[in-house]
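Participant: Attaching a predicted model along with its sequence, questions to come.
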Amino acid sequence: MIDIKFIRENPEKIKEACTKKKIRFDVDHLLELDAKRRELLKSIEEFNAIKNQANKKIQEAKNPEDRAVVIAQMKELDRNSDDKGEEFRKVEAEFDSLMLLVPNIPDESVPVGDSDADNVEVRKWGEIRNFDFPIKDHVQIAKDLDLVDFERGTKVAGFRGYFLKREAMLLCMAIWQYATDILVRKGFTPVQAPALVNKEAMTGTGYLPQSKDEVYETHDGMYLAGTSEVAMMSYHSNEILKEEELPIKYMGFSPCYRTEIGSYGKDTQGILRVHEFMKIEQVILCKNDKEESVKIHEEITANAEEILQGLGLPYHVVLNCSGDLGLGQVKKYDIECWVPSQEKYRETHSSSYFFDFQTRRLNIRYKTKEGETKFTHSLNNTGIATPRVLIPLLENWQQADGSVKIPEALHKYLPFKEIRRK
RNA sequence: GGAGGGAUGUCAGAGCGGACGAAUGAGAUAGUCUUGAAAACUAUUGUGGGGCAACUCACCGGGGGUUCGAAUCCCUCUCCCUCCGCCA
């Protein structure tokens, strides 16, 4: 959510953000509602002030007759006043729902563009291997080594369903443990977060109302979150923190659910785009300070890079263009890992900051040392997501004989150093 | 699933139709005392909206209602606790 005062004073900046983010939003209509709302509120308040004064008189009235007179006057006043309450509530409701749709303003460093095609590569890491044998894609590797059962996955869980088996499952657990060790060492508090969450949590983080098609809703009005960010951000909703506690760094771990309704027909093979997966997420609350947000954004991006480097996966970091930013995001880097069979980089991480967009919705504030109350800033980035990361891992580490080597960083978590056919 | 009890400021906790934006305690901030600290004492200390300001309006879990007037009464939703049942 954006501060209405800021919108009033800078409507052109919001309009510009709409254009850059390719979002249709009628700023002028919002401001009209805002004016109307304030006008109604003023007249209601004036009426309330009169009533409050009259009530004081009723209390001060010495004898019952005086009292009765004032009460009669009061009733008369009530009858003659036109009740603006209902109109106000209507205007307020529309205003509130529109406020949830005002986009945050992209940082100046964000390139203007329409889609991911306009994203800009900022750096690359790792050697892209030159295979001297015909390579397999991850689906073939998984089938040959009996690591994923897609047929039964579909039978039991429908389209995009899968069973992860044997070494693949152990590998995932090793990857979680490996990533957890790195993040805990960096001061993150590990938390197993609920994936089943309420509407406030979804709205507060900005997944509702704008992305409601991509979210599973349960029969009793709960939601399956697409990321533990939803629960971890909501963890401190309606709280006032202390400045000394900041930054708060959580490593949220949870299953994640996505309908993928916007991506019918895309990546239908394998485990790239699935409805259900596991993810370790970095979630940060920090001071209301742009420089602090920028600094931590680079840190959490570097954390993810460190995790990928340990796994020996070539990647690049791209700066997302304005059209590829979510409603609340100020700036976002995607980290994409090299997928040999596709000869391109595919997204495995997404690192973004929001300033106080989410924390206004969730009402997460802190008291500064000077005693001021401010909204915190929030940021998040993937730590590691499985099984998606198995795609670059299996493909980049495949060997001519059909086996797959395990990167050394994972050896201590596994009873094997390679996966080969039985 | 059944039966009761509860939700109040940063925290604990009173209030149960008008003098309550809310007792009291803790915490925090400032000051006195002290070489310094602790203790003690004194003062200040909720949030949000409108107005340059004086001021004013709203907020006692959320939403409705009754009343001239609601933290207090009624309805409803959410959550928490206790007991019984059920499951592990």
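Facilitator: Received it, and whenever you're ready, just let me know what you need. Residues are numbered from 1 along each chain as shown, chains lettered A, B, ... in the order given.
Participant: who in the stretch 101-250 of chain A is up against RNA strand B?
Facilitator: Neighbours of RNA strand B within the stretch 101-250 of chain A, by Cβ under 7 Å from any atom of the strand: residue A:240. For glycine as for every other residue, the C-beta is placed from the backbone atoms N, C-alpha and C.
Participant: Can you name the residues that contact the closest residue to RNA strand B within the stretch 101-250 of chain A?
Facilitator: Here the stretch 101-250 of chain A gets closest to RNA strand B at one residue, residue A:240, 4.7 Å apart by Cβ to the nearest atom of the strand. Contact partners of residue A:240, counting by Cβ atoms under 8 Å, 6 or more residues apart in numbering, are A:365-367, A:373.
Participant: how about 10 Å then?
Facilitator: With contacts defined as Cβ atoms under 10 Å, 6 or more residues apart in numbering, residue A:240 is in contact with A:363-367, A:373-374, A:376.
Participant: ditto for residue A:154
Facilitator: A:160-162 are the contacts of residue A:154 under Cβ under 10 Å, 6+ apart.
Participant: what does stretch A:17-32 contact?
Facilitator: Residues outside stretch A:17-32 that contact it (Cβ under 10 Å, 6+ apart) are A:2, A:4, A:7-8, A:10-15, A:33, A:91, A:94-95, A:98-99, A:101-106, A:110-115, A:210, A:321-327, A:329-330.
Participant: Now the buried members of these.
Facilitator: Buried by 16 or more other Cβ atoms under 10 Å: A:2, A:4, A:7, A:10, A:14, A:33, A:91, A:95, A:98-99, A:102-106, A:110, A:113, A:210, A:321-327, A:329-330, out of the contacts of stretch A:17-32.
Participant: picking up where we left off before, name the helix or strand for the residue of the stretch 101-250 of chain A closest to RNA strand B, please.
Facilitator: Using DSSP states H and E, residue A:240 sits in strand A:239-242.
Participant: Convert the C-alpha atoms of that strand to PDB, please.
Facilitator: What follows is strand A:239-242, C-alpha atoms only, in PDB (Å, rounded to 0.1, in the frame of the first residue of the first chain):
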ATOM      1  CA  GLU A 239       3.000  -5.500  16.000                       C
ATOM      2  CA  ILE A 240       5.300  -2.700  17.000                       C
ATOM      3  CA  LEU A 241       8.900  -3.800  17.000                       C
ATOM      4  CA  LYS A 242      12.000  -2.200  18.600                       C
END
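Participant: Could you name the helices and strands sitting against the following helix or strand past that strand?
Facilitator: Counting by DSSP H and E, the next helix or strand C-terminal to strand A:239-242 is strand A:248-257. Strand A:248-257 is packed against helix A:166-185, strand A:189-192, strand A:196-197, strand A:223-224, helix A:229-234, strand A:276-286, helix A:290-310, strand A:377-386, with contacts defined by 3 or more Cβ pairs under 10 Å, 6 or more residues apart in numbering; DSSP states H and E.
Participant: List the buried residues of the second one.
Facilitator: Which is strand A:189-192. Buried residues in strand A:189-192 (16+ other Cβ under 10 Å): residue A:191.
Participant: Run the contact check for the longest helix along chain A versus RNA strand B.
Facilitator: Criterion DSSP state H: the longest helix present in chain A is helix A:27-60. Yes - Helix A:27-60 is in contact with RNA strand B by Cβ under 7 Å from any atom of the strand, via A:38, A:41-42, A:44-45, A:48-49, A:51-55, A:58-59.
Participant: before we move on, what about stretch A:71-78?
Facilitator: Yes - residues of stretch A:71-78 contacting RNA strand B under Cβ under 7 Å from any atom of the strand: A:71, A:74-75, A:78.
Participant: Now a ChimeraX select for only the buried ones of those.
Facilitator: Selecting only the buried entries of those in ChimeraX, with 16+ other Cβ under 10 Å as the criterion:
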select /A:74
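Participant: need the strands for the stretch 51-200 of chain A, in chain order.
Facilitator: Taking DSSP state E, counting those that start in this stretch as the criterion, the stretch 51-200 of chain A carries its strands at A:120-125, A:148-149, A:163-164, A:189-192, A:196-197.
Participant: Just confirm residue A:402 contacts residue A:143, I think it does.
Facilitator: No - judged on Cβ atoms under 10 Å, residue A:402 makes no contact with residue A:143 at a distance of 11.1 Å.
Participant: Need the overlap of contacts for the two.
Facilitator: The contact sets of residue A:402 and residue A:143 overlap at residue A:136 (Cβ under 10 Å, 6+ apart).
Participant: And the helix or strand encompassing residue A:201, what's buried?
Facilitator: Here residue A:201 sits within helix A:199-205, counting by DSSP H and E. Residues A:201-205 are the ones in helix A:199-205 that count as buried (16+ other Cβ under 10 Å).
Participant: Give me the residues contacting the following helix or strand past it.
Facilitator: Later in the chain than helix A:199-205, the nearest helix or strand by DSSP H and E is strand A:216-217. For strand A:216-217, contacts defined as Cβ under 10 Å, 6+ apart pick out A:195-196, A:199, A:202, A:208, A:222-226, A:257-259, A:275-276.
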